[in-house]
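1. Predicted structure and sequence below. I'll ask about it afterward.
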Amino acid sequence: MHLKAFGKVNLYLDVISRRKDNYHNILTLFQSINEHDDIFIEFSKSEIFESEPSLNISWDKNIIKKSIETFKKETGFYNFNLKIKLIKNLPMGGGLGGGSADSAAVLNFLSKNFKISEKELFEISFKIGSDVPFLLKGGTAIGKGKGEILEFLEPLKLNIQIYPMNYKIDTKKMYEKLDQNWESIDHFGDPYKLYEALKNNDIITAKQNAFNVFEQVVFKEYPKLKQKKEDIEKDEGIIFALMTGSGSTLYKVIATN
Ligand SMILES: C[C@@](CO)(OP(=O)(O)O)[C@H](O)COP(=O)(O)OP(=O)(O)OC[C@H]1O[C@@H](n2ccc(N)nc2=O)[C@H](O)[C@@H]1O
Ligand SMILES: Nc1ncnc2c1ncn2[C@@H]1O[C@H](COP(=O)(O)OP(=O)(O)O)[C@@H](O)[C@H]1O
C-alpha cells in the first residue's frame with residue numbers, strides 16, 4: 001500500500017502562553033501542502049523499516065515507531081508487524097510537519113485496518129505530537145491548545161511555493177527561546193481575518209494578517225533566513241512570504257488570478 005504523507009505550513013502562528021505541562025498554547029492557521037513523503041507499507045512476519053535517504057536517527061527514535069507502539073498500547077491490537085519503506089521528501093526539522101505527517105499516514109492506515117473510530121484515533125494522535133491531530137485529516141484548520149483543538153474550515157486552494165533552507169531547527173529550543181525573550185516578543189495579525197482574506201483574494205488584508213511569531217527568535221539565530229524572506233517578498237505576484245512552524249523552511253503564497 002502506497003501512502004502519501006502530506007506536509008503542512010502555518011499560514012499564521014502565534015504562541016499565546018506557557019502551560020503547566022511545559023507545552024505552549026498556540027493559535028495557528030494550518031494549511032496542507034502538496035509536498036509529501038511516500039510510505040510503502042504492508043503487514044509482515046517481522047518489523048522491517050528502511051528509508052531513502054537515511055534519516056540518521058535510530059528506528060526506536062523514529063516517530064513512525066512511536067506511532068506504532070502507541071497505537072498497540074492504546075488499542076490492545078499488539079499482534080502485528082509492519083514492513084515500511086519511507087521515501088523522505090519533506091525536509092527534517094523543517095517546520096513542514098514531516099515526521100508528524102508520516103505518523104498521521106501510518107495511524108490512518110492502521111485505523112482503517114483495525115476499524116478504530118475517528119475519535120479514538122484522534123486521542124492516540126495527540127499523544128504522539130502536537131501537529132499530528134491536524135495531519136490526520138489535513139486541509140485548512142484553526143489550531144489551538146497544543147495543536148489538538150482544531151476548527152476545520154473549508155479548505156483553501158492556494159498556490160504555495162516552499163523554500164527548504166536546510167537548517168534543521170529544534171522545535172523545543174525555539175519554544176524555549178520565545179520564553180526567554182517573552183517581554184520583547186510582538187504578537188499581531190488575526191488568523192480568521194487572514195483566512196477570509198485568502199478566501200476572497202483580498203491581498204492587502206492577507207499581507208496584514210500573515211504572521212509567525214517564531215521568526216522573531218529564529219531570524220536572530222539564522223540571519224540568512226531573514227535575508228532570503230526579504231528577497232522572496234520582492235517576487236512578482238506574491239501575496240506574502242513567511243517561515244513555517246519553528247522553521248527553517250520559508251514559503252510564499254502566490255496570487256492565482
Ligand atoms: C511549531 C509547530 C507549529 O505547528 O510545528 P513544527 O515547526 O514543529 O512543524 C508545532 O507547534 C510543533 O509541533 P510538533 O513538532 O508536533 O512538536 P512536538 O513533537 O509535539 O513537541 C516538541 C517540543 O516542542 C515544544 N512544544 C510543542 C508544541 C506546543 N504546542 N508547545 C510546545 O512547547 C515542547 O517543548 C515539545 O517537547
Ligand atoms: N519519520 C520521521 N521523519 C522526520 N523526522 C523524524 C521522523 N522520526 C523522527 N524524526 C525526528 O523529528 C524531528 C522533527 O521532525 P519534523 O516533523 O520533520 O520537523 P518539523 O516538525 O519541524 O517539520 C526531526 O528532526 C527528527 O529528528
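-> Done, it's in. Quantities reported herein were computed from a predicted structural model and do not represent experimental measurements. Numbering: from 1, shown residues only. Ligands and ions are numbered 1, 2, ... in the order given.
2. Touching stretch 189-199 from outside, list them.
-> 11-12, 14, 27-29, 140, 142, 153-154, 156, 158, 202-206, 208-211, 239, 253 (Cβ atoms under 8 Å, 6 or more residues apart in numbering). C-beta here means a position set from N, CA and C on the backbone, and glycine is covered the same way.
3. Now do that stretch: distance to the chain's middle.
-> Distance, stretch centre to chain centre, for stretch 189-199: 19 Å (Cα atoms, centre = their mean, to the nearest Å).
4. Same question for stretch 175-186.
-> 21 Å.
5. Nearest the middle, which residue of this structure would you pick?
-> With distances taken as Cα atoms, centre = their mean, the residue of the chain nearest its centroid is Gly97 (2.9 Å).
6. Quick check: residues of the stretch 1-150 of the chain near ligand 2?
-> 55, 57, 62-64, 92-100, 102 (Cβ under 6 Å from any ligand atom).
7. quick one on the thing from earlier: and the contacts of stretch 189-199, which of them are in helices?
-> 203-206, 208-209 (DSSP state H).
8. I'd like to know which of the residues you listed are buried.
-> When the ones in helices among the contacts of stretch 189-199 are checked for burial by 16 or more other Cβ atoms under 10 Å, the buried set is 203, 205-206, 208-209.
9. my read: Leu250 touches Gln227, true?
-> No. Using Cβ atoms under 8 Å, Leu250 is not in contact with Gln227; the gap is 10.6 Å.
10. The two: which is more packed in?
-> The neighbour count for Leu250 versus Gln227, taken as other Cβ atoms under 10 Å, is higher for Leu250 (25 against 11).
11. For Asn257, give me the pLDDT.
-> On pLDDT, Asn257 comes in at 68.
12. Give me the neighbour count for the residue of the stretch 101-250 of the chain found nearest ligand 1.
-> Residue nearest to ligand 1 within the stretch 101-250 of the chain: Gly245 (2.3 Å; Cβ to the nearest ligand atom). Gly245: 26 surrounding residues under other Cβ under 10 Å.
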